[in-house]
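Colleague: 3D, please:
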Amino acid sequence: MNPIFATLAEDLRDALVAYYLGQIVPQHPVEAGRGLVTEQDLYEFLLIDNQVSAKVDTSRIAMGMASIQQYIHAIFNGMEPGYLGMLEGREQEQWRVAKSEYSIWGANQMLRDYPENYLVPPLRLKQTAAFREFIGDTDQSRISKDSVQRALQHYLDKFETISNLEVSSGYIDGLDFRNADYYFIGRQNVEPRAWFWRKAAIRFGDPGETQAEGDDYLSPTAWSEWMPVEVPKGDEVVLMRPLVLEGRLYAVWAERRVEQKPIPAARAEVPGLMEEVLRYRIKLAYRTLEGTWSVPMSYDLQLEGNVTDSRLMAFVNMADPQDKKIVIGFALNKDVMLEGLILNMRFRVLFQGTFTPKPVENEQPTDYQRIAHGIRHFVEPPTVLQHPMVSDKPIQLQLREDPDGEHAFPGPFNKTLRLECHIGGSTAEPKLYLKGHSSLSLGYLQPVLTSFSMLGYQAGVEVLTWSGVVRLNGAVQTGAVTYALDMDKLPMAIALGFPDADIRSTNQYEISLTETIPKAPVLASNMGGQFLDLGNLGLKGLRYVRLNTLFAKELVARVMVSVDALISWDTQHIEEPKLPGSTEREDMDFHGANGRYFWELFFHIPHAIAWRLHNEMDFQGAEQWLHYIFNPQARIKPTNPPSPFYWGVRPLDEPGRGEYEIDGIADPDAICYSKPVHYRKGIFAFYVQNLLGYGDLLYRRLTRDSLNEAKLIYTRALSLLGPRPDNRMIGRWEPATLEEAATPDESLFATIEAQLPAGLPLQLAPDSTPWLELLDSPRFRLPVNTQLLDLWDQLESRIRNLRNNLTIDGKQLMLPLYAKLLDPLDLLRAQSSGSGLVQRSVGSMAPVLAFRFRALLPRLQMAVETLSRFGEQVRMYREMKDRAEQEELQQTHVLELSQFAIQLQEVALEQADATLLALESSRRVIEQRRGHYGRLVAENTSLAERDSLALQTSAAVTTAIGQGFETAAGALQMGSVVVTAFGGGPIRLGSALLATAGYSIWGIRNFWLIKCQRCKEENLSQRII
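Modeller: Numbering: from 1, shown residues only. Okay, here's the model as predicted:
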């Protein structure tokens, strides 16, 4: 701009600012506008910078867009009054990521309008870990049926591990069972059992909405993958339940162990013997931010015995939102009293013992008594999903709405008012929390200001709940109001809306309480199949969601045969277990918990392989893989059951479901799941692009034969596309204000509305209220799909160049009439290479790239250098991997040796316990003998001992008599010797006496001694006894 004009423009700016502050501000119709003093105040009020210089290039439209963006940014930054705390969390993230800049918003809108143009397999969101490993396996070598078959075997091995897990329990993170996150625990059916968890984002909308039959379905993208729960090895895990507190996942399980316990005296044959008993403990672990599991916290229980029909409870008590508690209970069977504990949010034990779930009788019950009073509603089998407990009294809000009352706003706004209410507190002081919302939006640059109120009527008395002036920007809400409930004055009426005379839109609500706990969904089974029974949610189109797959082994058997045997129409009709209570045949479920794997197996894997072959310029190979999905050359295929024309993936022929679309605002695949027609369009366009690429490859060979074949390929592609859509739309634009442009023409949408069921529910709520009224405006239209029109332009350009003897880039062709023959040896060399002519072409069959040598050489050099660096990094990473595996192996050996040492010590402890038991038994026997002998000593000599002494005395007397006879016999014998010496004959005078002593008296003595000894022995044996 000329410096003179720039100076004049700045002077005009300053004059206008001064005039506005001096003349308009004092008489401004808005109170906030009368407090402006400085230029900065004026800038913040009008959202137009009045201090910029003339060097800034702009326009009225650009400045208007900048002002609107600045206004919305100020709202999200908390700088605008009336919006504090309203737009937080997910809404703020969506604004900053996808809507804060026009360029980002436009690109995001293109993803939503034409998702079929952006189906790039490497960029697909929510890929399973098995699919990522499949892509990694195929990237290690050239694509072939054998390499893909090996990668598919690995993929199905992963799938087989988690396909038929036994879903043992679940938890609902929320009080609205129709719109909450469901967590499940599964375990393997073989020993040693590993445990896993997964999450499902359940979103079925408001239960008060009118629903169409068959309109409720769960998206495959709502399910996460099975992830392992790291349970330390050791005791046996009996039951496990998930638990969610403040967004963090916890796992609670009961472990069983064997311990030694003294046998009670009443049953013990020998005192001091031991017996084996089963003891239990509760363990609690949480998932860390890194995705690992913490070291479990352990709490011992006093329960003993075998498990018959055990119960494990784990939930969050939210009666006091500021002091949430973790409640855990365990019982061996349904008739045994619960034993458990209550923890605070810092895992400090508040209570541990036996729960007595009986009604509280005292007037001032403790918190633990209230929890015990309400815990009886959670004593359910593991098949029942648990949820938070919000109060110790089983009461539930019931809300009845009359959106079409006397003052309902006409047109599409009659559903814009919504009352949010829930109950909390305790039995003694229940509280009702109320908050009003309105998605009504009037105005564009400046939303309309109007009064908004929420009035409560309790027992016929009006109570002012909330009232204020709001901006109708589509996100109006009242402040949170808390009521102390009076059970005697229910039901309570609420009038919510706009009492202003210009709008007059008011809805009536009636709030009542019932003495029932809402029934949670349960886990059901039939013929080996496991299902999530959603019958308690009151859905019309969905009752059971399949949780497992039983035919994974059959898929593995088919992939061992060939890829064609696996990816076939017959495989997609493998029969599943029937739904509980149903006799209808159920084929492979693409909408169950494992639906993502079936989508990947039959659609995403062939698409990914075809995409890679297309980029590698193997267009014929890409076409062969695309034929698994779409084959225009096979209109009718001999399949049983009959397949649809051209298409080979079963869900592509099914009607779409709109509830999937909002699962990912900028996720093309999520939109295609909801409307498979987008997938069909994308695959069809990719098929034509592949034909175009193959024709260009033939075109660049510059031979008569290749040009003739290229023309045929182009003609084939044009025949698939059909006539070019040359209908031109004539735009007769006339200047109009934004208010006029945003005004809808209700007649344009009336025909479509008449064909749809009333109140179609959405499976997931959008991030913000959409501008549905703009769909009725003839001034706003979707942009033209230029990528689709480019296909006609490129094909027509190729055929026009061929017909004018031009190269692909428009230069004159100079070709011989007949092609030169190839060297037969080159054909032999190509075939002997083992790759065939397609992989190693020679001569004129060599592929010609779409770049010149000078442009390609530096890029190839950079690619080689990059590949060399990658190779070096791979080598380093593999060395690191080998070292890590070696260290892991060493640590494993150390762990095994440590475990062996532990086992030796345990055996030694068992032997020491047995030795101690034997020594204690011997000690008791010796103590008994000692006592016995002590009693004998205390009781003096017994009668048997006296008899023994008497016999001993008799023996002694007899011995003395015998000795007398022997003495006499000796004297007589001596006399006989004297007589003989003096000449007498040999006379034996003592022989008779000696015979009497030896044979009579000594025999009697020995008799008394034997009898005495026998008495001693009998007496000794009696003392021992």
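Colleague: can we go C-alpha only for contacts and neighbour counts from here?
Modeller: OK.
Colleague: my read is Arg281 is in a helix, agree?
Modeller: No: assessed with DSSP: H, G, I helix; E, B strand; the rest coil, Arg281 is strand; it does not lie in a helix.
Colleague: Let me see the contact set for it.
Modeller: Contact partners of Arg281, counting by C-alpha atoms under 8 Å, 6 or more residues apart in numbering, are 254-256, 298-301.
Colleague: can you give me the strands in the stretch 201-350 of the chain?
Modeller: Using DSSP state E, counting those that start in this stretch, the strands of the stretch 201-350 of the chain run over 227-229, 236-245, 248-262, 274-286, 297-304, 311-317, 325-331, 339-343, 349-354.
Colleague: Redo those strands as JSON lines? Include distance to Gly78 and mean pLDDT.
Modeller: Below are the strands of the stretch 201-350 of the chain laid out as JSON lines (distance: least, C-alpha to C-alpha, whole Å; pLDDT from 0 to 100):
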{"stretch": "strand 227-229", "distance to Gly78": "39", "mean pLDDT": "94"}
{"stretch": "strand 236-245", "distance to Gly78": "28", "mean pLDDT": "91"}
{"stretch": "strand 248-262", "distance to Gly78": "28", "mean pLDDT": "88"}
{"stretch": "strand 274-286", "distance to Gly78": "35", "mean pLDDT": "88"}
{"stretch": "strand 297-304", "distance to Gly78": "42", "mean pLDDT": "87"}
{"stretch": "strand 311-317", "distance to Gly78": "33", "mean pLDDT": "86"}
{"stretch": "strand 325-331", "distance to Gly78": "33", "mean pLDDT": "87"}
{"stretch": "strand 339-343", "distance to Gly78": "37", "mean pLDDT": "86"}
{"stretch": "strand 349-354", "distance to Gly78": "40", "mean pLDDT": "84"}
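Colleague: Nearest approach to Leu601 belongs to which of those?
Modeller: strand 227-229 (20.1 Å; C-alpha to C-alpha).
Colleague: Quick check: buried residues in the closest one?
Modeller: 228-229 (16 or more other C-alpha atoms under 10 Å).
Colleague: Same check on stretch 326-339?
Modeller: So for stretch 326-339, counting by 16+ other C-alpha under 10 Å, buried means 326-333, 337-339.
Colleague: Which helix or strand in the chain has the lowest average pLDDT?
Modeller: In the chain, no helix or strand scores lower on mean pLDDT, DSSP states H and E than helix 836-839, which sits at a mean of 44.
Colleague: Which helix or strand lies directly C-terminal to that helix?
Modeller: Using DSSP states H and E, the helix or strand that directly follows helix 836-839 along the chain is helix 853-938.
Colleague: quick check: angle from that following helix to strand 274-286?
Modeller: If you take axes from the mean of the first three to the mean of the last three C-alpha atoms, to 10 degrees, helix 853-938 sits at 150 degrees to strand 274-286.
Colleague: secondary structure class for Tyr171?
Modeller: strand.
Colleague: what's the distance between it and Ile202?
Modeller: Using C-alpha to C-alpha, to the nearest Å, we find Tyr171 at a distance of 12 Å from Ile202.
Colleague: These two: who's more crowded?
Modeller: Higher neighbour count among Tyr171 and Ile202: Tyr171, with 24 against 20, using other C-alpha atoms under 10 Å.
Colleague: dump the residue contacts of the closest residue to Ala710 other than its chain neighbours.
Modeller: In space, and not counting its chain neighbours, Ala710 is closest to Gly695: 4.4 Å by C-alpha to C-alpha, 6 or more residues apart in numbering. When the contact criterion is C-alpha under 8 Å, 6+ apart, the partners of Gly695 are 709-711, 713-714.
Colleague: gap between Gly695 and Arg596?
Modeller: Using C-alpha to C-alpha, Gly695 is found at 35 Å from Arg596.
Colleague: same deal with Arg187?
Modeller: Computed as C-alpha to C-alpha, the Arg187 to Arg596 distance reads 20 Å.
Colleague: Could you do Thr743 as well?
Modeller: From Thr743 across to Arg596, the span is 42 Å (C-alpha to C-alpha).
Colleague: Repeat that for Pro321.
Modeller: Applying C-alpha to C-alpha, the value for Pro321 to Arg596 is 37 Å.
Colleague: Please apply the same query to Leu165.
Modeller: 16 Å.
Colleague: Next: Ser147.
Modeller: Distance, Ser147 to Arg596, by C-alpha to C-alpha: 23 Å.
Colleague: Show me which of the two is the more surrounded one.
Modeller: For Ser147 versus Arg596, the count of surrounding residues by other C-alpha under 10 Å is larger for Arg596: 22 against 16.
Colleague: For the more buried one, give me the pLDDT.
Modeller: Arg596 is assigned a pLDDT of 91 by the prediction.
Colleague: Residues touching the helix or strand hosting it, excluding its own?
Modeller: Using DSSP H and E, Arg596 sits within helix 595-599. Here helix 595-599 makes contact (C-alpha under 8 Å, 6+ apart) with 128, 159, 220-221, 589-590.
Colleague: Now for the nearest residue to Ile799 once chain neighbours are set aside: which residues touch it?
Modeller: Spatial nearest neighbour of Ile799, chain neighbours left out: Lys711 (6.5 Å); criterion: C-alpha to C-alpha, 6+ apart. Contacts for Lys711 (C-alpha under 8 Å, 6+ apart) come out as 695, 799, 802.
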